[in-house]
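**Q** Requesting a structural model of the entry that follows:
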Amino acid sequence: MSKISNLDYAALNLSGENYLQWALDTKINLRSNELGDTIIKGNNETDKNRYRAISIIHHHLIEGLKDQYLTMENPLDLWTALQRRYDHHKTMLLPKARHEWKNLRFMDYKSVDEYNSILFKIVSMMRLCGEEVTEKELLDKTFSTFHSTNVLLQQHEMRPIGTSALPEANEAEKKDPKECNHVHDNNKSHGKGHSRFKGRGRDSYGQQGNHNNRGRGSIRGRRNYGRG
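**A** Numbering: from 1, shown residues only. Prediction:
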């Protein structure tokens, strides 16, 4: 038989390894053509719509698989048969996805894009298997696996433009505590000095200078006196 061409998405393999993705793509395709009800139990779709739906499903089966279901003309029957045959893949894929999710760490990737690519691939597989992953869990997973030296950087990169920094970021952006303490202490020292010598600061410096000069003069006088 001729090779399948003009596919809207990948055909279902005989092994069924891509069944979960195929089932999702098929549902989307049928719904976009207003044929989504044809694979729901108890539907009252017309024969025309059923044949249109069965045609789409057949067209997206690998040749060897299509031959096995060639005589089925009801899309619901074909959909149910394929589901019974391949839906067990969830039990194999979900534990693997859970393991990858558990061991996923932001610090193991060189860039945000690389991390996000792996993150959403894992999450998509978990959701395909029926596992619910909330947006809060996504954020918690990401922030909980930051390296301590990258927390501030990532908070800046990931928060929307125009929003204020997180409290942790504000604290981290302050000057070095030692530097802050140093400046604070200096201010205290200047303050005390100003209050202590207020009104005579210049005199004090002058007196100190004169005292030094007098001391030098005294020494010189003693030396001269001794020579005389």
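**Q** Kindly report the domain assignment for the chain.
**A** What automatic domain parsing lists as the domains of the chain is 19-86, 89-173, 177-227.
**Q** Quickly, which of these bottoms out on average pLDDT?
**A** Among those, domain 177-227 carries the lowest mean pLDDT, a mean of 46.
**Q** Test my guess that Asn126 contacts Lys96.
**A** Quick fix: residue 126 reads Met, not Asn. No - Met126 lies out of contact with Lys96 (C-beta atoms under 8 Å); the separation is 9.9 Å. Using the backbone N, CA and C atoms, a C-beta is placed for each residue, glycine as well.
**Q** Compare these two and say which is more crowded by neighbours.
**A** Between Met126 and Lys96, counted using other C-beta atoms under 10 Å, Met126 has the larger neighbour count: 19 against 13.
**Q** quick one: secondary structure of the more buried one?
**A** Assigned with DSSP: H, G, I helix; E, B strand; the rest coil, Met126 falls in the helix class.
**Q** ok, it - contacts?
**A** Residues near Met126 by C-beta atoms under 8 Å, 6 or more residues apart in numbering: 94, 97-98, 101, 133.
**Q** switch to 6 Å and redo it
**A** 97, 133 (C-beta atoms under 6 Å, 6 or more residues apart in numbering).
**Q** before we move on, what about Met125?
**A** Ala97.
**Q** Could you do Leu12 as well?
**A** 22, 61 are the contacts of Leu12 under C-beta under 6 Å, 6+ apart.
**Q** Can you check the distance spanned by stretch 125-133, start to finish?
**A** 11 Å (C-alpha to C-alpha, to the nearest Å).
**Q** got the buried residues for it?
**A** 125-126, 128-129, 133 (16 or more other C-beta atoms under 10 Å).
**Q** Let me have those in TSV, extended by distance to Asp37.
**A** Putting the buried residues of stretch 125-133 into TSV (distance: C-beta to C-beta, whole Å) gives the following:
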residue	distance to Asp37
Met125	27
Met126	28
Leu128	22
Cys129	25
Val133	28
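**Q** Please name the residues that touch Thr145.
**A** 105-106.
**Q** And it, how far from Trp101?
**A** 11 Å (C-beta to C-beta, to the nearest Å).
**Q** what ranges do the helices span in the protein?
**A** Along the chain, counting by DSSP state H, helices occupy 19-32, 47-59, 63-68, 75-86, 89-102, 112-128, 135-144, 151-158, 167-173, 177-196, 201-227.
**Q** Near His88, how many residues? Count them for me, please.
**A** 12.
**Q** Check Ala53 too.
**A** Ala53: 25 neighbours (other C-beta under 10 Å).
**Q** Next, the contact list for it, please.
**A** 30, 35, 38, 75.
**Q** Same question for His60.
**A** Counted by C-beta under 6 Å, 6+ apart, His60 has contacts Ala11.
**Q** Can you report phi and psi for it?
**A** Torsion angles at His60 (phi, psi; degrees, to the nearest 10) stand at phi -110, psi 30.
**Q** what's the spacing between Pro31 and Phe143?
**A** Rather than Pro, residue 31 is Arg. Taking C-beta to C-beta, one finds Arg31 at 36 Å from Phe143.
**Q** Identify the residue spatially nearest to Trp101, adjacent ones excluded.
**A** Of all residues not flanking Trp101 in the chain, Ile122 sits nearest, at 5.2 Å (C-beta to C-beta, 6 or more residues apart in numbering).
**Q** Surely that neighbour and His99 touch.
**A** No - between Ile122 and His99 there is no contact under C-beta atoms under 6 Å: 9.6 Å.
**Q** Keeping just the C-alphas, turn stretch 49-58 into CSV.
**A** Listed next in CSV are the C-alpha coordinates belonging to stretch 49-58 (Å, rounded to 0.1, in the frame of the first residue of the first chain):
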residue,chain,number,x,y,z
ASN,A,49,-20.4,13.2,10.0
ARG,A,50,-19.5,9.7,11.2
TYR,A,51,-18.0,8.8,7.8
ARG,A,52,-16.0,12.1,7.8
ALA,A,53,-14.7,11.2,11.3
ILE,A,54,-13.8,7.6,10.5
SER,A,55,-12.0,8.9,7.4
ILE,A,56,-9.8,11.2,9.5
ILE,A,57,-9.0,8.5,12.1
HIS,A,58,-8.1,5.9,9.4
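**Q** No further queries at this time; thank you.
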